[in-house]
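Asks: Give me a model of this one.
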Amino acid sequence: MTDADVRGRWRAARMTLLAKEKALTRLRDEVAAERRALPRVPVENYVFEGPLGQVMLSDLFAGKSQLLIYHFMLGPAAENPCKSCSFWAEHFDSIRVHLPHRDAELAAVSRAPIAKIEQVRARMGWRFPWVSSCDSPFNFDFRVSFTHEQEGQKLYNFDAQSAFEGELPGLSVFARDPSGQLFHTYSTYSRGLDALNGTYQLIDLLPKGRNEGGKGMAWLRHKDRYQA
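Replies: You can find the predicted model right below:
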């Protein structure tokens with residue numbers, strides 16, 4: 001088979017794939033429109049702890065009308081931040097350069113004390129807003145933190161889960177109307193978080209793909225823990 005034959009076969013296969021990619025793009029646009037049309041649920045103005053003291057949910061909007069909150073897995077007793085959440089968080093500071101120009105802000109929330117959060121922030125060199133919900137029901141209300149006493153009530157990713165105690169990741173979206181009323185508009189969990197990770201989007205284009213072989217993210221390290 002000549003190089004021209006191989007190239008011809010590649011082009012034919014690529015055009016078949018392109019049709020599927022275009023269909024997926026159209027479907028993604030439809031899903032995004034349905035997501036935006038979900039009912040808005042009023043929420044309380046939760047109180048968090050920031051590095052300089054008390055911070056309200058409304059403060060995290062930073063004058064914008066839309067807010068993305070990443071539920072970062074860092075519990076009260078955690079010695080290290082979650083590796084996968086850290087992987088995702090590596091993308092946040094670059095995103096925040098552009099979000100204000102679309103009337104939006106991004107922040108992270110964890111149940112760890114603010115002193116622990118600040119230690120992790122300094123270690124990783126992150127700048128995005130990150131507050132503690134250690135004295136707030138926020139994580140429990142948005143079903144990313146669970147206690148042993150919640151047996152039989154553990155709903156994660158909108159489905160009942162097996163026994164679990166601790167933290168799980170997620171993303172929740174909020175809006176604020178001109179009167180100041182706050183609303184919850186959307187939440188996603190598990191693989192729904194993939195869109196936030198630009199590195200995985202590029203890895204998915206590579207010949208080997210994620211190449212995790214049923215081992216999940218066992219390959220992953222904190223960025224300061226990879227061997228040279």
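
Asks: got the contact list for Trp126?
Replies: By CB atoms under 8 Å, 6 or more residues apart in numbering, Trp126 lies in contact with Ala89, Phe92, Asp93, Val120. Bear in mind the C-beta positions are built from the backbone N, C-alpha and C, glycine included.

Asks: Please repeat the previous calculation with a cut-off of 10 Å.
Replies: Neighbouring residues of Trp126 by CB atoms under 10 Å, 6 or more residues apart in numbering: Ser86, Ala89, Glu90, Phe92, Asp93, Ala108, Ile117, Val120.

Asks: The fifth one reaches Arg127, doesn't it?
Replies: Yes. Taking CB atoms under 10 Å as the contact criterion, Asp93 and Arg127 are neighbours in contact, 5.2 Å apart.

Asks: of these two, who's got more company?
Replies: For Asp93 versus Arg127, neighbours defined as other CB atoms under 10 Å are more numerous around Asp93 (13 against 10).

Asks: Most neighbours among the contacts of Trp126, please name it.
Replies: Going by other CB under 10 Å, Ile117 tops the contacts of Trp126 with 25 neighbours.

Asks: can you tell me the helix or strand for that residue?
Replies: Assigned by DSSP states H and E, Ile117 belongs to helix 114-124.

Asks: tell me the mean pLDDT for that helix?
Replies: The average pLDDT for helix 114-124 rounds to 97.

Asks: just the strands in this structure please.
Replies: Per DSSP state E, the chain carries strands over the ranges 41-43, 47-50, 53-56, 66-71, 104-110, 130-132, 145-146, 155-156, 159-160, 166-167, 170-176, 182-189.

Asks: Other residues contacting the third one?
Replies: Here strand 53-56 makes contact (CB under 10 Å, 6+ apart) with 44-50, 107, 109, 114, 129, 131-132, 135, 182.

Asks: Max pairwise distance over these: which two?
Replies: Greatest spatial distance in the contacts of strand 53-56: Ile114 and Leu182, 21.8 Å, computed using CB to CB.

Asks: Please spell out the ChimeraX selection for the buried subset of the contacts of strand 53-56.
Replies: Per 16 or more other CB atoms under 10 Å, the buried members of the contacts of strand 53-56 correspond to this ChimeraX selection:
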select :46,48,49,50,107,109,114,129,131,132,182
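
Asks: Going by distance to Arg35, which of the contacts of strand 53-56 wins?
Replies: When the contacts of strand 53-56 are compared for distance to Arg35 (CB to CB), Leu182 wins out at 18.5 Å.

Asks: So which of the contacts of strand 53-56 sits lowest on pLDDT?
Replies: On pLDDT alone, Asp135 ranks lowest of the contacts of strand 53-56, at 94.

Asks: any chance you could map the helices in the protein?
Replies: Taking DSSP state H to define them, one finds helices in the chain at 3-36, 57-60, 83-89, 92-96, 114-124, 138-141, 198-203.
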